[in-house]
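Asker: Sequence and predicted structure below; questions after.
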Amino acid sequence: MSAATWDPAQYLRHAGHRARPFADLLAHVPDLPASRPRIADLGCGPGNVTALLARRWPTAHITGYDNSPEMLADARAQAGPTPAGGRLDFAHADVRTWTPAEPHDLIISNATLQWVPGHADRFGDWIAGLAPGGTFAFQVPGNFDAPSHRLMRDLAAAHPRLTGVLRHEDAVLAPETYLEHLTALGCTADVWETTYIHLLTGEDPVLDWVKGTGLRPVLTALADDSAAKDEFLNDYRAALRRAYPPGKHGTPFPFRRIFAVARKEA
């Protein structure tokens, strides 16, 4: 949820790998208190994982929120009633300011809060907006010290147009800190981390991955200077090839993620 311009097609090139953490998060969400639950998906992107919520709770009214017109255009193609009488819709919103206007049974966010400075300060408003027994759940990447991000930041630091464009290691908090925040708000919380070893295929697959997410602010900032953009990408590509050499069956790409599921007292 940054000022970057998003490309749904590029993002979805690795949709299977990207959706797996959301499925793992969803597996830890307990039953919801209402038979026809109200659900919000913060930072829904193109809506591909929002649709998984409708499969889990087919009678729910689910709204996916995002601030990217490009992502919402793709997501809205999936909007409408669900076969079991629920509804799936999408709306523009900024996670930095969004507050539920009615009680929700589930507020969930997938790989979005890292774009929101001070996002833990919003937890109180969101949990206050939960119905008794409701759940707040999220996952964020925990790989800001990985070569993919360190190399990106190092190259950006040498470019005058990229000052302040990229987030740093403080983009997400430690799992223990998330646990402290959530329990202090009166929730029963489960916080954990997982490192996935994605096996990527194709030419320069790590570069192709980050073009859909972490590299978007750089690509947006240099969009009007093709020579500068190409120079950055060439240097970054070469650095990634050294950091992530391909193996016999593909390129291993370790990716740490942090998960949290917090249940409000019934």
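Answerer: That came through fine. Residues are numbered from 1 along each chain as shown.
Asker: For Pro33, which non-adjacent residue is closest in space?
Answerer: Gly133 (3.7 Å; Cβ to Cβ, 6 or more residues apart in numbering). (Each C-beta comes from the backbone N, C-alpha and C, glycine too.)
Asker: for Thr112, that is, sorry about that
Answerer: Gly43 (2.6 Å).
Asker: which stretches of the chain have low pLDDT?
Answerer: Residue ranges of the chain with pLDDT under 70: 1-3.
Asker: just the strands in it please.
Answerer: Under the criterion DSSP state E, the chain contains strands at 38-42, 61-66, 80-81, 87-92, 104-110, 130-141, 188-200, 251-263.
Asker: could the ones you listed go into TSV alongside mean neighbour count and distance to Asp170?
Answerer: Listed next are the strands of the chain as TSV, based on neighbours: other Cβ atoms under 10 Å; distance: least, Cβ to Cβ, whole Å:
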stretch	mean neighbour count	distance to Asp170
strand 38-42	25	20
strand 61-66	24	23
strand 80-81	10	40
strand 87-92	17	27
strand 104-110	25	18
strand 130-141	22	12
strand 188-200	15	17
strand 251-263	20	14
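Asker: Including distance to Pro30, could these go into CSV?
Answerer: Compiled in CSV, the strands of the chain are given as follows (distance: least, Cβ to Cβ, whole Å):
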stretch, distance to Pro30
strand 38-42, 14
strand 61-66, 17
strand 80-81, 26
strand 87-92, 22
strand 104-110, 10
strand 130-141, 6
strand 188-200, 10
strand 251-263, 6
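Asker: Relative to Val210, which of these is closest?
Answerer: Val210 lies closest to strand 251-263 among these, at 9.9 Å (Cβ to Cβ).
Asker: Counting by contacts, list what the closest one packs against.
Answerer: helix 15-27, strand 130-141, helix 175-184, strand 188-200, helix 205-211 (3 or more Cβ pairs under 8 Å, 6 or more residues apart in numbering; DSSP states H and E).
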